[in-house]
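Undergrad: sequence first, then the predicted structure, then my questions.
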Amino acid sequence: MKIPPLRWLWLILFSALAVLGLESLKLPAALLLGPMAVAIIFASRDKPLVISRTLFWLAQGVVGCMIARTIPASVFVEMAKNWPLFIFSIFSVIVASAFLGWVLTRWKILPGSTAIWGSSPGAATAMTLMAESYGADVRLVAFMQYLRVVIVAVAATVISRIWAPEVPQGNVVSSFHLIQPVAWGISV
């Protein structure tokens, strides 16, 4: 299936507009949420854009490297100091997610494997790919997984606005200023 280049142009244009709109609301995850919402809308209107698996894996690798680069070594020291809290938190999320999947299946709200994969914690992309291998409704699993990402980002924004200390206006950094592709490319 050949995808018209114009569809890519529309996706990029609408993604940029969504990012600008979310940036104006000072949502910290605007670069993640804007394009994701636009891509979901495109896919739900039967206008998905499919890229080759090689490009997909390459993009996942780049994002993984970017995430790894932003984690300071001091995080691991703090995790080692508070390891019981981290272990408890991880297992409580796994147990709560498994229970939710079981309830959704038991009450026949969703088909069995779709409910389990959709409520499973972890990497949304990996859960979606595994769900496809087990015959679940991939679009519903992806929707559930990425809806959770949106809810967490919005909740984190609201919570930080309520409890975080006020940042002086001159020190506010938008998502666009966090991207320094040349510097990032050289350091990798």
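TA: Nice, I can see it.
Undergrad: contacts only, for the residue positioned nearest the centre of the chain.
TA: The centroid of the chain falls nearest to Val149 when counting by Cα atoms, centre = their mean (4.9 Å). When contacts are counted by Cβ atoms under 8 Å, 6 or more residues apart in numbering, Val149 touches Leu32, Leu33, Met36, Ala124. C-beta: built from backbone N, CA, C; applies to glycine.
Undergrad: find the helix or strand that it is a member of.
TA: helix 138-163 (DSSP states H and E).
Undergrad: coming back round to it: most neighbours, which of the contacts of Val149?
TA: Among those, Leu33 has the most neighbours (other Cβ atoms under 10 Å), with 21 neighbours.
Undergrad: and the angle for the helix or strand it falls within with helix 138-163?
TA: For Leu33, the enclosing helix or strand under DSSP H and E is helix 30-44. When axes from the mean of the first three to the mean of the last three Cα atoms, to 10 degrees is applied, the directions of helix 30-44 and helix 138-163 differ by 150 degrees.
Undergrad: can you give me the helices for this protein?
TA: For the chain, the helices defined by DSSP state H occupy 5-24, 30-44, 53-70, 74-81, 83-106, 112-119, 124-133, 138-163, 175-178, 181-187.
Undergrad: for Arg7, grab the count of nearby residues.
TA: As a burial measure, Arg7 scores 13 neighbours (other Cβ under 10 Å).
Undergrad: and for Phe42?
TA: 17.
Undergrad: does it touch Pro48 like I think?
TA: Yes: under the criterion of Cβ atoms under 8 Å, Phe42 makes contact with Pro48 at 6.1 Å.
Undergrad: re the thing from before, and the residue nearest to the centre of the chain, how far is that from Ile162?
TA: The gap separating Val149 from Ile162 is 21 Å, by Cβ to Cβ, to the nearest Å.
Undergrad: how about the nearest residue to Leu110, chain neighbours excluded?
TA: Leaving aside its chain neighbours, Leu110 sits nearest to Leu104 (4.9 Å; criterion: Cβ to Cβ, 6 or more residues apart in numbering).
Undergrad: check contacts around the one you found.
TA: By Cβ under 8 Å, 6+ apart, the residues touching Leu104 are Leu110, Ala115, Gly118, Ser119.
Undergrad: low-confidence stretches in the chain?
TA: 1-3, 167-188 (pLDDT under 70).
Undergrad: cutoff 80 now
TA: The chain contains residues with pLDDT under 80 at 1-5, 26-29, 43-44, 46-50, 122-125, 157, 160-161, 164-188.
Undergrad: count of residues packed around Leu9?
TA: Neighbours around Leu9, by other Cβ under 10 Å: 10.
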